[in-house]
Structures are given as C-alpha cells and as structure tokens.
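Asks: What follows is a predicted structure for the sequence shown.
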Amino acid sequence: MKAETLAPARASCDESIRAWTAWEDEILLAYRGGDLELPHPPNFIKEMLVNEHRAMMEDMHEEHFNVTLTTVLPATMQLAAKAPHAELFKELVLANTDKRTGHSMLRALQRDVKRLSFDGFHTLQFVFYSESAATRWLLKALRFQKAVIVFQDTTRGVEEEGTGQYCSTTGA
C-alpha cells in the first residue's frame, strides 16, 4: 500500500484529472484514518485533484499528522537568530558523532525530521513526519554544541487552558 502512495505521479490540470479507483480510495481512507503513516499525502492525488484541493490535503497533513517536539537551549548557546535548518543539523552532527559512532543515529533523526527551526531565543523545534517518528525521539537526549537537549512534547491539548511559552520542568 505504501509503495503506491510514494510512486511518482504526474500533476494534472483542471481538465485532465482522472477518477479515483477503488484501491486508491481504500488507501486514502487508511491514510486519513491514521492507519497508513506517510511523510506527505499520497502522490496519486496529483492526478485526481485540482491545485486548491491538493493544497488542502497538504495543509491537513501538516496540521493533523506532523508532530512537533521541542528542546530548550541554555542561554549560553551561540546561535544566529535565523539559523537555517542545515546549520542546526550541522551543530547536531558535530556534537553527536565522531569517526566511529553516532552517524546511524543522526541519519535516523534526519530521516524522521521534516523541519528544524530555532526561535532566536532558547527553543529548537523539531517537526516530525509522523507520530510514530516523534514517539521514537520523545524524551531522548542529544548534545547540541556543549549542552544536552531533551526532546519534549509541548503541544497543548484542546482541554488544556493557558497561553504563553514553554518552560522546561528542569528549572531552565
């Protein structure tokens, strides 16, 4: 099932979209139900949906399937306020690998993470492609420069009140 969703597909214009097949409908139901974890919506929707509807599927995926974990950096970290994704990963690689160890772990992290961003103050946010990918990293510790960071789930549930910024429970 996963192979069909990730297979290349040609994007269609308004006049050339095609109808769903029963198998594609079954795949889409499994995907939307959370039974089929994908890094993005199935590629075959490019052949069946107009641009606006494809964008809606992408937004739905971003909102409901991607999971964000947060780490707190100490105030002593030297990092540019708008540090790019690649620079942040470079810092992780330098701190967590040597000639023999750490490479497979960082490759797994890179494979699981869709986006990595720094808020300019003390927070790194890792956006994972799926809940199972995020769960693998929840409460795991890595080094970042000379500090240790721990992946925390800081999303508030619908029933939880309050606003504000995340603050680590470790007293940071």
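Replies: Happy to help now that I have it. Numbering: from 1, shown residues only.

Asks: what helices or strands is the longest helix belonging to the chain leaning on?
Replies: Determined from DSSP state H, the single longest helix within the chain is helix 51-64. If you count contacts as 3 or more Cβ pairs under 8 Å, 6 or more residues apart in numbering; DSSP states H and E, helix 51-64 packs onto no helix or strand. Quick note: C-beta positions are derived from backbone N, CA and C, even for glycine.

Asks: Can you list the low-confidence ranges for the chain?
Replies: Within the chain, the stretches with pLDDT under 70 are 158, 161-172.

Asks: please redo it, this time with the cut-off set to 50
Replies: 170-172 (pLDDT under 50).

Asks: What are the structural domain limits within it?
Replies: Using automatic domain parsing, the domain parsing of the chain gives 2-64, 67-150.

Asks: Quick check, central residue of the chain?
Replies: Closest to where the C-alpha atoms of the chain average out (Cα atoms, centre = their mean) is residue 128, at 2.2 Å.

Asks: Give me the nearest residue to it, chain neighbours excluded.
Replies: Using Cβ to Cβ, 6 or more residues apart in numbering and skipping residues adjacent in sequence, the residue nearest residue 128 is residue 134, 4.0 Å away.

Asks: could you say what helices and strands whichever strand or helix holds the one you found packs with?
Replies: Assessed by DSSP states H and E, residue 134 sits inside helix 131-137. Applying 3+ Cβ pairs under 8 Å, 6+ apart, one finds that helix 131-137 contacts strand 67-72, helix 103-112, strand 123-128.

Asks: And the ones you listed: which comes nearest residue 43?
Replies: Of all those, it is helix 103-112 that lies closest to residue 43, at 18.4 Å by Cβ to Cβ.

Asks: could you give the angle of that closest one to strand 67-72?
Replies: 130 degrees (axes from the mean of the first three to the mean of the last three Cα atoms, to 10 degrees).

Asks: What is helix 103-112 packed up against?
Replies: Taking 3+ Cβ pairs under 8 Å, 6+ apart as the contact cut, helix 103-112 packs with helix 85-96, helix 131-137.

Asks: Can you give me the buried ones in the first one?
Replies: Buried positions in helix 85-96, judged by neighbour count with 16 or more other Cβ atoms under 10 Å: 88, 91, 92, 95, 96.

Asks: One more: the shortest one?
Replies: The neighbour-count criterion (16+ other Cβ under 10 Å) identifies 133, 134, 137 as the buried residues of helix 131-137.

Asks: List the contacts of the longest helix of the chain.
Replies: For helix 51-64, the external contacting residues (Cβ atoms under 8 Å, 6 or more residues apart in numbering) are 11, 38, 40, 41, 45, 46, 49.
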